[in-house]
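Asks: Give me the fold of what follows.
(4 chains)
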Number of protein chains: 2
Amino acid sequence: MVTLAEVAQHAGVSASTVSYVLSGKRSISANTRQRVEQSIRELGYHPNAGARALASSRSNIIALMIPLRTDMYVPVMMEIAIAVATTARTHGYDVLLLTGEEGPDAVRRVTGSGLADGMILMDVELDDERLPLLRDTDQPAVLIGLPADTTGLTCVDLDFKATGALCAEHLATLGHRDVAVIGEAPAVYERHTGFAERTLDGLRSRGRELGLRLLHRPCEGGYDAMAVTLARILDERPGTTGFVVQNESAVEPLLALLRQQGRAVPEDVSVVAICPEQVAVQASVRLTSVAIPAQEMGRHAVEHLVAKLDGRGGDEVVLLAPELTVRASSGPAPAQ
Amino acid sequence: MVTLAEVAQHAGVSASTVSYVLSGKRSISANTRQRVEQSIRELGYHPNAGARALASSRSNIIALMIPLRTDMYVPVMMEIAIAVATTARTHGYDVLLLTGEEGPDAVRRVTGSGLADGMILMDVELDDERLPLLRDTDQPAVLIGLPADTTGLTCVDLDFKATGALCAEHLATLGHRDVAVIGEAPAVYERHTGFAERTLDGLRSRGRELGLRLLHRPCEGGYDAMAVTLARILDERPGTTGFVVQNESAVEPLLALLRQQGRAVPEDVSVVAICPEQVAVQASVRLTSVAIPAQEMGRHAVEHLVAKLDGRGGDEVVLLAPELTVRASSGPAPAQ
DNA sequence: ATAGGTTGTCGAAGCGCTTCGACAGCTTTC
DNA sequence: GAAAGCTGTCGAAGCGCTTCGACAACCTAT
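Replies: Residues are numbered from 1 along each chain as shown, chains lettered A, B, ... in the order given. Okay, the predicted model is just below:
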């Protein structure tokens, strides 16, 4: 293993000079710099991460805490995680993957040990048990998701309330009156995950203004659960012509069921989904949808965290504006 | 920040004693141990990760390199990643998330800097460019996937050849003769990802023995691509009654298309999928499938790596035996 | 009773790096 | 032409921990 000292000797300078070449924290003559860089290359030197962390009390690692739940649509998580990892690298950080398994203890462990310089928390609940800890230790952190109380916290999320409103508007404009909302699994609501409730809130308040009759039903993913849910909905509101689907694993089953019942999309029934672009495009009917900008959320989270670590910028809540893309699954409400 | 020295002082012992209490590498009297543990708790001490890594040249971190590709089904990746993270924790390791972005450089960086003690590589290609590096540096590593040359490497994977054979057997036993294989996206084959080719190999060799007529067609995910692929298949082999699907994002489109064409599953046509359990169970028809044991793969990978890091166990190729679960999508071939 | 083992603890060295203060050798300024 | 300011480099201290050898204190066997 090659050390700084060896590089220094090889280049005929002192260790501190090599260090300054590497960090750029003091000016170094072009000549010296080149000699040092040359030696680094020749010897294949890589700074030792541990030593660096010890001496500088900076690990250049960001911890990413992802939840360990099975009732959430995972691809979105993955997309965010990958966006976080790649963005972090462009800022010189690596990413440590923590699962919800450990819960709040993970926050303590990482904070206490200096393993990571800051953390990003995904799938934050309205009243998340990790938040008090975060505030206490004033560990630099960014949340993806929106808790009830955001004081002293930096959060990034899609504006789900606006998302709900957007869906309501779209369907109302097309003349739909009876609209069913296929929500996330019941567990998601019980856990008070903010985004599900906020979407509903947006749908309801804008829906009311526009004279929509909304019927909200949580739904586990999958074909069977969707069949039951749909039956109940049509039983209760036979005149339903619009659907807003938030649970992605209910999308395809819904389309299949509607087809099976002879309800044509979009002629008889319109469907709006809240899901990643890819899902909307690959579905059996190209879906009118509001995209969940996973990549953007991951990128934003990292960039805010890095800013904090650099002492720039403070607490802030960033809500990304939703965008609705009209595709083939929505159209004018059928004449009565 | 509380240091070892402070704990030592508080407990009235020397620093080394505290260290030995923590590591258990020397015997400590019950009395002293308790005093030290008490102090640790009272002061809320957490060992500094950097200092530890520097002194012991062990970071207690495992690097997990996941590919950054969009043509692979991501949920499986996610499942593996989570399994890796949780298993690693039970062995006292944390997980560093690397994306394929950096490519082989990431291997160099991590190896050189001592950031991680070992690595797990996912989505290994038959002739992966990271492998020479791995062998050179003899960085402890475990691959998930199977390269062409496994000498000096430890690999964990589903036995895809046996998987293919199993699917062939199942359909042959049911009396099917013309079987179409819906493969992964063409890019996957071009890249020579082992698992796709091995599955095909298993299907072909066992299929030949059993007198199956196989038609293999790569397929991008999604409805449109599947529609084109299916049309070509049925054009070429109108008598096709069996389907083996390896690309999960083609499963639901295929079912929808078959339904649409009035081909009943499983009465007219049988479908066998190679996919995670969850997908098989949630599909619009409960799918006969060979499960991809993502969790198990992740767990195995970590356990082998940890064994290596402890100096136990050597190189080894572990192929998990596939299991085919019969569900509602396969049945006897229709009478001619 | 004495040599030889154990057991439990300590002190000190050192892991590879960052960073601070010092300072030699310049250039600028009045 | 002396005072003041830059620039570029160095030496040394120290980050918090692990680990090795040393060594008291005690316990066996002979």
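Asks: All the helices of chain A, residue numbers only.
Replies: Assigned by DSSP state H, chain A shows helices spanning A:4-11, A:15-23, A:30-43, A:49-56, A:74-90, A:104-113, A:131-137, A:160-173, A:186-190, A:194-210, A:223-236, A:248-260, A:277-282, A:294-309.
Asks: Would you mind listing what in the stretch 1-150 of chain A touches DNA strand D?
Replies: For the stretch 1-150 of chain A, the residues in contact with DNA strand D (Cβ under 7 Å from any atom of the strand) are A:12-17, A:20, A:26-29, A:31-33, A:51, A:54-55, A:57. Quick note: C-beta positions are derived from backbone N, CA and C, even for glycine.
Asks: May I see the ChimeraX selection of the buried members of these?
Replies: One line in ChimeraX is enough to select the buried ones among these; burial here means 16 or more other Cβ atoms under 10 Å in any protein chain shown:
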select /A:13,17,20,28,32,33,51,54
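Asks: out of the residues of the stretch 1-150 of chain A next to DNA strand D, which touch chain B?
Replies: Restricting those to those touching chain B (Cβ under 8 Å from any Cβ of the partner chain) yields A:51, A:54, A:57.
Asks: closest to DNA strand C among the residues you listed?
Replies: Of all these, DNA strand C sits closest to A:A51, with 3.4 Å by Cβ to the nearest atom of the strand.
Asks: On the pLDDT front, check A:R69 for me.
Replies: A:R69 is assigned a pLDDT of 69 by the prediction.
Asks: picking that back up, the helices of chain A into JSON lines, with extra columns for distance to A:R327 and mean pLDDT?
Replies: Below are the helices of chain A laid out as JSON lines (distance: least, Cβ to Cβ, whole Å; pLDDT from 0 to 100):
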{"stretch": "helix A:4-11", "distance to A:R327": "57", "mean pLDDT": "96"}
{"stretch": "helix A:15-23", "distance to A:R327": "51", "mean pLDDT": "96"}
{"stretch": "helix A:30-43", "distance to A:R327": "52", "mean pLDDT": "96"}
{"stretch": "helix A:49-56", "distance to A:R327": "47", "mean pLDDT": "97"}
{"stretch": "helix A:74-90", "distance to A:R327": "19", "mean pLDDT": "90"}
{"stretch": "helix A:104-113", "distance to A:R327": "40", "mean pLDDT": "92"}
{"stretch": "helix A:131-137", "distance to A:R327": "38", "mean pLDDT": "88"}
{"stretch": "helix A:160-173", "distance to A:R327": "11", "mean pLDDT": "98"}
{"stretch": "helix A:186-190", "distance to A:R327": "26", "mean pLDDT": "87"}
{"stretch": "helix A:194-210", "distance to A:R327": "19", "mean pLDDT": "95"}
{"stretch": "helix A:223-236", "distance to A:R327": "20", "mean pLDDT": "94"}
{"stretch": "helix A:248-260", "distance to A:R327": "12", "mean pLDDT": "90"}
{"stretch": "helix A:277-282", "distance to A:R327": "7", "mean pLDDT": "87"}
{"stretch": "helix A:294-309", "distance to A:R327": "19", "mean pLDDT": "96"}
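Asks: Who are the contact partners of A:E267?
Replies: For A:E267, the contact set (Cβ atoms under 8 Å, 6 or more residues apart in numbering or on different chains) comprises A:331, A:334.
Asks: Against B:L309, how distant is it?
Replies: Per Cβ to Cβ, to the nearest Å, A:E267 is found 61 Å from B:L309.
Asks: Over to A:Q139?
Replies: From A:Q139 to B:L309 the distance is 29 Å (Cβ to Cβ).
Asks: ok, the closest residue to chain B within the stretch 101-250 of chain A - contacts?
Replies: Closest contact between the stretch 101-250 of chain A and chain B, by Cβ to the nearest Cβ, is at A:G112 (2.8 Å). The contact partners of A:G112, taken as Cβ under 8 Å, 6+ apart, are B:44-46.
Asks: Would you confirm that A:V179 contacts A:R213?
Replies: Yes: using Cβ atoms under 8 Å, A:V179 is in contact with A:R213, at 6.9 Å.
Asks: Looking only at neighbour counts, state which of these two leads.
Replies: A:V179 (26 against 15; other Cβ atoms under 10 Å in any protein chain shown).
Asks: Not counting its neighbours along the chain, what's nearest A:L230?
Replies: A:L257 (5.3 Å; Cβ to Cβ, 6 or more residues apart in numbering or on different chains).
Asks: near chain B, which residues of the stretch 51-200 of chain A show up?
Replies: With Cβ under 8 Å from any Cβ as the criterion, the stretch 51-200 of chain A meets chain B at residues A:51-54, A:57, A:59, A:61, A:64, A:66, A:68, A:74-75, A:77-79, A:81-82, A:85-86, A:89, A:94-99, A:101-102, A:108-109, A:111-115.
Asks: burial of A:Y223, as a residue count?
Replies: Applying other Cβ under 10 Å, I find that A:Y223 has 22 neighbouring residues.
Asks: picking that back up, okay, the helices of chain A in CSV with distance to DNA strand C next?
Replies: Listed next are the helices of chain A as CSV, based on distance: least, Cβ to the nearest atom of the strand, whole Å:
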stretch, distance to DNA strand C
helix A:4-11, 3
helix A:15-23, 3
helix A:30-43, 10
helix A:49-56, 3
helix A:74-90, 18
helix A:104-113, 16
helix A:131-137, 21
helix A:160-173, 41
helix A:186-190, 44
helix A:194-210, 38
helix A:223-236, 54
helix A:248-260, 45
helix A:277-282, 41
helix A:294-309, 13
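Asks: Which of these sits closest to B:P186?
Replies: Closest of the helices of chain A to B:P186 is helix A:277-282, at 16.5 Å (criterion: Cβ to Cβ).
Asks: quick one on the thing from earlier: pretty sure the residue nearest to A:L230 is touching A:V228, no?
Replies: No: assessed by Cβ under 8 Å, A:L257 is found out of contact with A:V228, at 10.3 Å.
Asks: Which one of these two is surrounded by more residues?
Replies: More crowded of A:L257 and A:V228, by other Cβ under 10 Å: A:L257, with 19 against 13.
Asks: Distance check, the more buried one against DNA strand D.
Replies: 59 Å (Cβ to the nearest atom of the strand, to the nearest Å).
Asks: How about A:S270?
Replies: From A:S270 over to DNA strand D (counting by Cβ to the nearest atom of the strand), the distance is 61 Å.
Asks: Identify the bridge partners of that residue.
Replies: Assessed by DSSP bridges, A:S270 has beta-bridge partners A:G242.
Asks: these two touch, right, it and A:P334?
Replies: No: when contacts are counted by Cβ under 8 Å, A:S270 is not listed as touching A:P334 (9.6 Å).
Asks: which one of those two has more residues nearby?
Replies: A count of neighbours by other Cβ under 10 Å puts A:S270 above the other of A:S270 and A:P334, at 24 against 15.
Asks: re earlier: now render the helices of chain A as CSV, adding distance to B:P186.
Replies: Output for these, formatted as CSV (distance: least, Cβ to Cβ, whole Å):
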stretch, distance to B:P186
helix A:4-11, 47
helix A:15-23, 44
helix A:30-43, 39
helix A:49-56, 40
helix A:74-90, 22
helix A:104-113, 41
helix A:131-137, 46
helix A:160-173, 35
helix A:186-190, 37
helix A:194-210, 36
helix A:223-236, 29
helix A:248-260, 24
helix A:277-282, 16
helix A:294-309, 25
